[in-house]
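> Just to be clear, the model below is a prediction. Sequence and coordinates:
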Amino acid sequence: MAEGLIGGVLGGEDDKREIEAPEALAGAEAFAAAVAAKLAGHDPEVARDTSAFLKEQTQLLQVQKEHLKDEHALRLAHLKHQSHLLRGQRVGQTIRIAFQVVTALIVIVIGVGIAVLLRDAFTSHSVVIDAFEAPAALAARGVTGTAVASGVLDELTRLQNATLTPYPALKRSVASAWSNQLKVNVPETGISLEEISRLLKARFGRDLHIGGELVQSASGALALTVRGDNIESSTFTGNAEELGKLMVAAAEHVYAESQPTLWSLYLAETDRPQEAIDFIKLVYPSTLPEYRPSLLLTWATSLQHLGGYDDESVRSAQRMYQAAHQLKPDYWTAYGNEQSTLLSLGDEEGAWRAGEAMRRVAGQQGATGDMPFRIASANWDQLTWNLQAMLSAIIANAEATGGRGTNFIDASVRIAEVESRLHDPTAAELTLQTSNVTGNGPLNAARNHFARGLVAAETGDVARAATEMEAYDAALGSSLSVGSSAYRRFQCEIAPFEEAAGHPDRADAVLSGGEHFVNCLRFRGDILDGRGDWSGAQKAYTQAVALAPDLPAGYYSWGVALAHHGDLAGSEGKLKDANQRGPRWADPLKAWGDVLVKQGKTGDALGKYDEALKYAPNWAALKEAREAVVKRKS
């Protein structure tokens, strides 16, 4: 019973935590003393036995206490060891993961590198200049095979950079075979990545390798021979002081043989049209079909230049432009040039229709945002007075070609012209003043005078405008055939300036024979109206609209004249017609707003002025008209 009681009291102590052992021992001793004292009063023998038993239990507990102390220290040491072990395991695991990541990245980089090498190999279409052979005796003068090849490479690069084209993809990259000497050895092979790249390009690419040798005769004369893959070898001779000329000749030969489309274009752009035509006739039959449209286009432009843009040369060029875009339906430059020929021949309505056809094709192909299309749209933009789009395309083209543009006229001159037509003379003047590009040929000089004349007229300097336009006329006559339709079309722009400067005889002379152009007819109407011949003016306006019913300019001039004569309803109708055909032209919108103001419709007028400001945001007169309406309404 005593054991049951004790067992009941002491039972389950093995389940206690180690930290409770001293408390359990103290409780057992106190309990043993209490039990012995209680039993001693009933049975002394039982009390002695109980006391002895409890003492044994106390000793046992003492032993357990010491054991627990020793075990506790061991367990703490074990836990610390496990903690260090786990920390080491975590570090090792991190290192393994990092190593795996690095390995994966290395594999990815190698894979990407291989892919890049293969892509470069399959798409490589470069002209590679290998080191030439040269006499050892010339090495003391710095004339080595590498130096000669470098000279040819430099000149070839210059020729290509000097060739203006809206299709840069036509140009092959030019490289030297010994360039990029930085070696990155592939493990266990000793072969550099550059060498692997060259091997792949040699196997899969379409590179054109050019080499040759320089030979010096006993008399000291030099002979430079150049040859290459599928290129006929050619030798150029000269004395020792003419090595530079020999390298230029060799580079021109390589350029003509390797990039015939660009070489012909270069000849045309450097005022060598007959050479361009002769070269194209020679290579056209053997040229790949994909390059023939470009050759036709250069042939056509060279014909026009050679013929002084007379009607016969322009018609021949038109047929070639048509053939070019028939061979290549997305050849936007050919479409644009065809429109130019139609304009020169006096078929402005036909040029507009050709532009509409081009726009339909481009819309079907999703190419309306492409730079060549935007450049080719210049004629359509000009016919519809879509001036901001025209300006944007010229600027973008200039930026892509180092400020030059791909037109025969300097980009800066064309930009200044458009800025003037947008009634922003400050911007136009700045463009002309800050331009560092000077074009070649009298036609470019003529357009430079024309741009300056527009700026002067916009600022109200009538005398200066007339002087610049007379200089424009003189330069125009030296660049175009005076009997050509193109000359008459450009010359009609001069008439209003001569009339404003008090030179009516010159104005009449300028307009004589210009019945096939909208500008000539509408300017005649303006001049006759100013002279008091309203009947003759209306006849001229009627002819202008009938000549090109889809163009806005005739309607605009007629509408302005009707407003001057008090026919506000008739004026509004003509200005509305002009706006429908040239919705982004600010001038008809401003004139329409002026008519609405005269009719007392200030709210509607304000709407027209606001719309006009979208297309000519820096037009001072337009802003003044709008402010006047705002004041009247307030």
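Yep, that arrived.
> Quick one: neighbours of the closest residue to K539 other than its chain neighbours, just the number.
Nearest residue to K539, sequence neighbours excluded (CB to CB, 6 or more residues apart in numbering): G525, at 7.8 Å. Quick note: C-beta positions are derived from backbone N, CA and C, even for glycine. For G525, the neighbour count with other CB atoms under 10 Å is 26.
> Name the helix or strand for G525, please.
helix 518-530 (DSSP states H and E).
> What pLDDT is listed against A376?
Looking at A376, its pLDDT reads 92.
> List the residues that contact it.
The contact partners of A376, by CB atoms under 8 Å, 6 or more residues apart in numbering, come to P166, W332, T333, Y335, G336, N337, M358.
> farthest pair in those residues?
P166 and M358 (14.1 Å; CB to CB).
> Counting neighbours, go ahead and name the busier of the two.
Per other CB under 10 Å, whichever of P166 and M358 has more neighbours is M358, with 25 against 21.
> check contacts around the more buried one.
M358 makes contacts with W332, Y335, G336, Q339, F373, A376, S377, W380, as judged by CB under 8 Å, 6+ apart.
> With G483 instead?
Residues near G483 by CB under 8 Å, 6+ apart: D310.
> Am I right that it sits in a strand?
No. Judged by DSSP: H, G, I helix; E, B strand; the rest coil, G483 forms no part of a strand; its state is coil.
> Report the separation between it and D310.
As judged by CB to CB, to the nearest Å, G483 and D310 stand 7 Å apart.
> how many neighbours does the closest residue to T384 other than its chain neighbours have?
The shortest distance from T384 to any non-neighbouring residue, by CB to CB, 6+ apart, is to G582 (4.8 Å). Neighbour count for G582, taken as other CB under 10 Å: 23.
> isn't G582 right next to A389, touching?
No. G582 lies out of contact with A389 (CB atoms under 8 Å); the separation is 11.8 Å.
> secondary structure element for V455?
Going by DSSP H and E, V455 is in helix 442-458.
> what's the offset of that helix from the middle of its chain?
Here the centre of helix 442-458 is set off from its chain's centre by 29 Å, with CA atoms, centre = their mean, to the nearest Å.
> Which residues does that helix contact?
408-410, 413-414, 416-417, 420-421, 423, 425, 428-429, 432, 439, 462, 464-469, 471-472, 475-476, 478-480, 490, 493, 497, 500.
> contacting residues for the residue nearest to N379 when sequence neighbours are not counted?
The spatially closest residue to N379, leaving aside those adjacent along the chain, is Q339, at 4.0 Å (CB to CB, 6+ apart). Contact analysis of Q339 by CB under 8 Å, 6+ apart lists A351, A354, G355, M358, N379, W380.
> in a strand, that's where the fourth one is, yeah?
Going back to what we said before, that points to M358. No. Counting by three-state DSSP, M358 falls outside a strand, being helix.
> Relative to A428, how far out is it?
28 Å.
> S420 touches T426, doesn't it?
No. With contact defined as CB under 8 Å, S420 does not reach T426; the gap is 10.3 Å.
> More neighbours: those two, which one.
Between S420 and T426, counting by other CB under 10 Å, S420 is the more crowded of the two (25 against 13).
> Got the confidence number for that one?
We have a pLDDT of 97 for S420.
> Quick check: which element contains it?
Per DSSP H and E: S420 is located in helix 411-421.
> Tell me the helix or strand right after that helix.
helix 425-434.
> chain center to that following helix, what's the gap?
Computed by CA atoms, centre = their mean, the chain-centroid distance of helix 425-434 equals 24 Å.
> wait, V629 sits on T602?
Yes. With contact defined as CB under 8 Å, V629 reaches T602; the gap is 5.2 Å.
> quick one, which of these two is more surrounded?
Neighbours were counted for V629 and for T602 using other CB under 10 Å; V629 has more, 20 against 16.
> tell me, what residue is most central in this structure?
Of all residues in the chain, the one closest to the mean position by CA atoms, centre = their mean is A400, 6.7 Å from it.
> remind me, longest helix of the protein?
Using DSSP state H to assign secondary structure, the helix with the most residues in the chain is helix 44-123.
> what sits against the residue nearest to S217 when sequence neighbours are not counted?
The shortest distance from S217 to any non-neighbouring residue, by CB to CB, 6+ apart, is to A223 (7.1 Å). A223 is in contact with L214, V215, Q216, S217, T235, F236, T237, counting by CB under 8 Å, 6+ apart.
> give me that answer again for 7 Å
V215, T235, T237 (CB atoms under 7 Å, 6 or more residues apart in numbering).
> Give me the contact list for the helix holding S420.
387, 390-391, 394-395, 397-398, 403-405, 407, 427-428, 431-432, 435, 437, 444, 447-448, 450-451, 454-455, 458.
> from these, which would you call buried?
Among the contacts of helix 411-421, those classed as buried by 16 or more other CB atoms under 10 Å are 387, 390-391, 394-395, 397-398, 404-405, 407, 427-428, 431-432, 435, 444, 447-448, 450-451, 454-455, 458.
> Check whether I280 sits in a helix, strand or coil.
With three-state DSSP as the criterion, I280 reads helix.
> what about it, how many neighbours?
25.
> now L79
For L79, the number of neighbouring residues by other CB under 10 Å comes to 10.
> where does the stretch 51-200 of the chain have low pLDDT?
51, 54, 70, 72, 113-127, 166-200 (pLDDT under 70).
> 50 - rerun?
By pLDDT under 50, the low-scoring segments of the stretch 51-200 of the chain are 121, 123, 178-189.
> average pLDDT across stretch 623-634?
Here the average pLDDT along stretch 623-634 is 91.
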